[in-house]
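Asks: Sequence and predicted structure below; questions after.
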Amino acid sequence: MKAGEMPGLAVRREKGWLVANRWLLARRFTQLAILLLFLPGPWFGWWIVKGNLSSSLTLDVLPLTDPLLLQQVLMSGHLPEAIAAVSAFIVLAFYLLVGGRVYCSWVCPVNMVTDAAEWLRMRLNLKGGASLSRRLRWWMLGLVLLLPAVTGALTWELINPVSMMHRGLIFGMGLAWAVVLGIFLLDLLIVRRAWCGHLCPVGAFYGLLGRWSLLRVSAVNRAACDDCMDCFAVCPEKQVIAPALKGEAKGHGPVIDSGLCTNCGRCIDVCARDVFRFTQRFDNRVRPATAGSTHQSEVSP
Amino acid sequence: MSGRRDKGFDPVRRRLLTEGLRSAAGVALVATVLGAWQRQARALPATAIRPPGALDEEAFQGACIRCGLCVRDCPYDTLKLARFGEPVALGTPWFEARKVPCEMCEDIPCVAACPTGALDHSLTDITRARMGVALITDQEACIAFQGLRCEVCFNVCPVRGKAITLELQHNRRSGKHARFIPMVHSSDCTGCGKCEEACILEEAAIKVLPIRLVKGRLGRHYRLGWKEKEKAGGALVTPDVPHQYNLPEGMRYDYEGEGLIREQPADSPFSDTPLDTLNRKGGL
């Protein structure tokens, strides 16, 4: 990546726009599709999914409940119905399979807002701003879980932008637009990736879950890396890449083992050298250096 | 500062400590603001009614996960989720009786839909729901109190003849008509709000309000004599004899009736009106 250039340009030139954005497009499609599943009901009376991301019922058979919310209910001292526990367990099992923070990058509607802020930040070449610790989210998660024990209520839900936005889109926004706009501006002007990458306790919870999840991104072809830095530029949690990509000397496997990786696949999109691919957590194989070092442009006729 | 460095000054540890303190301070501030906000959020406006079976407000806000499944299964679109900026805790279900009241479905779908039991699943008979209690808030405006026939609240009440009854009273203004006064009985009122919705006035004179605002409570030491008497099968303190009024001869007292009655013997030297007696010639 050259200075002032958008990341992923190299692969776009070589393989075309579609390939350079395949995972991003898949992600946007999934995010919108999940949102759209909730909407035919209130709009036309065709009920596919009822409720919202806090708890839902799909086709009157599949109940799903946000496990973090259930945990807060338990902390408030209320023993919920069994169906809440069962439906939260289904969600837990799903994210343990596909990656905890798949919730963040493939489901959560706020991701589209913060990604838009990041895109604009790059486009306008906005640098600097304030800095926040990425560990702040663990404090936030602690706060979210502690508040119900003190107040006896789901206090975080008074302000939680994630559920507020999703519920708003389905049940009516009210003034929630102001909160969404606030997050957009915070990410754009004050701290880069402030909400999803530093503050959001929901993301922190799924990040915790992601420590034990199965589906992973692996820098399987790390020998081919030419240090273009495109993956670092696009990664919403760029600290997770380095150990896998550059940790060979320290004996680190090529699999990104941090729970904070959102499995967004953007690094796979922008890498012109096909360094990254999806695999499972126990697959620590590395592609032989000879095969990996073959650059696409070198073998093309 | 080399001396300090020698004594184990570790820049990494210092950075981590500073960062931790900053985070703790920031999060503590957020916690304080949110905690204070929570206390305010618990003050539900008097006109906001929770769905049937809702736990009391404090427990409800700990149990409700704001999913809206109750809203979706309400066949009459009575329920709505509080939006940001509305005076009800964000995302929780509520309704306003004057706009759309609860239709009291027999199968109570909203309660069945609740995944957490914030709407108590032990509520299976909708007539046992206690969403609030109706109250004639303005007797000056209610036309039944003016002696006009209305009885709309009585007629729309789903717990007909029990939650609202009509009490027959004498119309003292006209002197010859009756007044049919609606009276709410909290023992049977579910707080569904049908009466408030149907009230024919521009501003309803009957409103569903939170039970805690409406209900009074007699001091626990109070004993109502006639009830104790009924329970005991006889008076407990004084001999159970009819009360003797100490009245002048020729007078009697009709309790809860005409009041003081002069029983005039036929040969009385006195006239009906005392003035005649006083003014007659010759004096007594």
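Replies: That came in fine, so what should we check first?
Asks: Please parse chain A into its domains.
Replies: By the assignment in automatic domain parsing, chain A contains the domains A:39-209, A:214-299.
Asks: Could you give the separation of the first one from the chain centroid?
Replies: Spelled out, it's domain A:39-209. Computed by C-alpha atoms, centre = their mean, to the nearest Å, the chain-centroid distance of domain A:39-209 equals 11 Å.
Asks: and if you look at the shortest one?
Replies: Offset of domain A:214-299 from its chain centre (C-alpha atoms, centre = their mean): 17 Å.
Asks: Backbone dihedrals for whichever residue of chain A sits closest to chain B, please?
Replies: Closest contact between chain A and chain B, by C-beta to the nearest C-beta, is at A:Gly174 (2.6 Å). For every residue, glycine as well, the C-beta is placed using N, CA and C. Main-chain dihedrals, A:Gly174, degrees, to the nearest 10: phi 60, psi -130.
Asks: Any chance of a markdown table for the domains of chain A, columns mean neighbour count, distance to B:Leu168 and mean pLDDT?
Replies: Below are these laid out as a markdown table (neighbours: other C-beta atoms under 10 Å in any protein chain shown; distance: least, C-beta to C-beta, whole Å; pLDDT from 0 to 100):
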| stretch | mean neighbour count | distance to B:Leu168 | mean pLDDT |
| --- | --- | --- | --- |
| domain A:39-209 | 19 | 47 | 91 |
| domain A:214-299 | 18 | 72 | 81 |
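Asks: give me every residue that touches the residue of chain A closest to chain B.
Replies: By C-beta atoms under 8 Å, 6 or more residues apart in numbering or on different chains, the contact list for A:Gly174 reads A:Gly168, B:Arg83, B:Phe84, B:Gly85, B:Glu86.
Asks: What are the boundaries of the helices in chain B?
Replies: Secondary structure of chain B (DSSP state H): helices at B:2-6, B:11-41, B:57-63, B:69-73, B:109-113, B:152-156, B:194-198, B:211-214, B:225-232, B:274-279.
Asks: Export the ones you listed as a markdown table, with columns for mean neighbour count and mean pLDDT.
Replies: Shown next, in a markdown table, are those (neighbours: other C-beta atoms under 10 Å in any protein chain shown; pLDDT from 0 to 100):
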| stretch | mean neighbour count | mean pLDDT |
| --- | --- | --- |
| helix B:2-6 | 8 | 53 |
| helix B:11-41 | 13 | 89 |
| helix B:57-63 | 21 | 91 |
| helix B:69-73 | 24 | 92 |
| helix B:109-113 | 20 | 93 |
| helix B:152-156 | 19 | 94 |
| helix B:194-198 | 24 | 94 |
| helix B:211-214 | 14 | 90 |
| helix B:225-232 | 10 | 85 |
| helix B:274-279 | 10 | 76 |
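Asks: Quick check: which of these is nearest to B:Pro93?
Replies: helix B:69-73 (5.2 Å; C-beta to C-beta).
Asks: between the helices of chain B, which one is nearest to A:Gly99?
Replies: helix B:11-41 (25.9 Å).
Asks: mind checking which of the domains of chain A is nearest B:Lys176?
Replies: With C-beta to C-beta as the measure, domain A:39-209 is the member of the domains of chain A nearest B:Lys176 (54.9 Å).
Asks: follow-up on the earlier one: give the bridge partners for the residue of chain A closest to chain B, please.
Replies: Beta-bridge partners recorded for A:Gly174 (DSSP bridges): B:Phe84.
Asks: now the strands: where do they sit in the stretch 151-284 of chain B?
Replies: Assigned by DSSP state E, counting those that start in this stretch, the stretch 151-284 of chain B shows strands spanning B:164-170, B:178-184, B:206-209, B:251-254, B:259-262.
Asks: Name the residues of the stretch 51-200 of chain B found near chain A, please.
Replies: Neighbours of chain A within the stretch 51-200 of chain B, by C-beta under 8 Å from any C-beta of the partner chain: B:55, B:58-59, B:61-69, B:71-73, B:80-81, B:83-86, B:89-91, B:113-118, B:121.
Asks: can you tell me how far the closest residue to A:Phe171 other than its chain neighbours sits from B:Val88?
Replies: The shortest distance from A:Phe171 to any non-neighbouring residue, by C-beta to C-beta, 6 or more residues apart in numbering or on different chains, is to B:Leu81 (4.6 Å). Separation of B:Leu81 from B:Val88 (C-beta to C-beta, to the nearest Å): 9 Å.
Asks: Of the two, which one has the most company?
Replies: B:Leu81 (24 against 18; other C-beta atoms under 10 Å in any protein chain shown).
Asks: count of neighbours near the nearest residue to B:Glu103 once chain neighbours are set aside?
Replies: Leaving aside its chain neighbours, B:Glu103 sits nearest to B:Tyr76 (4.8 Å; criterion: C-beta to C-beta, 6+ apart). Per other C-beta under 10 Å, the neighbour tally for B:Tyr76 reads 12.
Asks: Any stretches of chain B with poor pLDDT?
Replies: B:1-7, B:238-240, B:265-266, B:268-270, B:281-284 (pLDDT under 70).
Asks: before we move on, back to that, going by neighbour count, which of the contacts of A:Gly174 comes out on top?
Replies: A:Gly168 (24 neighbours).
Asks: Tell me if I'm right that that residue and A:Val162 touch.
Replies: No - A:Gly168 lies out of contact with A:Val162 (C-beta atoms under 8 Å); the separation is 10.7 Å.
Asks: Enumerate the residues of the stretch 101-250 of chain A near chain B.
Replies: Residues of the stretch 101-250 of chain A lying near chain B (C-beta under 8 Å from any C-beta): A:133, A:135-136, A:139-140, A:142-143, A:146-148, A:150-159, A:163-164, A:167-168, A:170-176, A:178-179.
Asks: Surely the residue nearest to B:Glu103 and B:Val100 touch.
Replies: Yes - if you go by C-beta under 8 Å, B:Tyr76 and B:Val100 touch, sitting 6.5 Å apart.
Asks: so what's the residue of the stretch 51-200 of chain B found nearest chain A up against?
Replies: Nearest residue of the stretch 51-200 of chain B to chain A: B:Arg83, at 2.6 Å (C-beta to the nearest C-beta). With contact set as C-beta under 8 Å, 6+ apart, B:Arg83 has these partners: A:Gly168, A:Phe171, A:Gly172, A:Met173, A:Gly174, A:Leu175, A:Ala176, B:Leu90.
Asks: Distance check, it against A:Leu189.
Replies: B:Arg83 is 27 Å from A:Leu189, by C-beta to C-beta.
Asks: Kindly report the same for A:Pro243.
Replies: Counting by C-beta to C-beta - A:Pro243 and A:Leu189 are separated by 31 Å.
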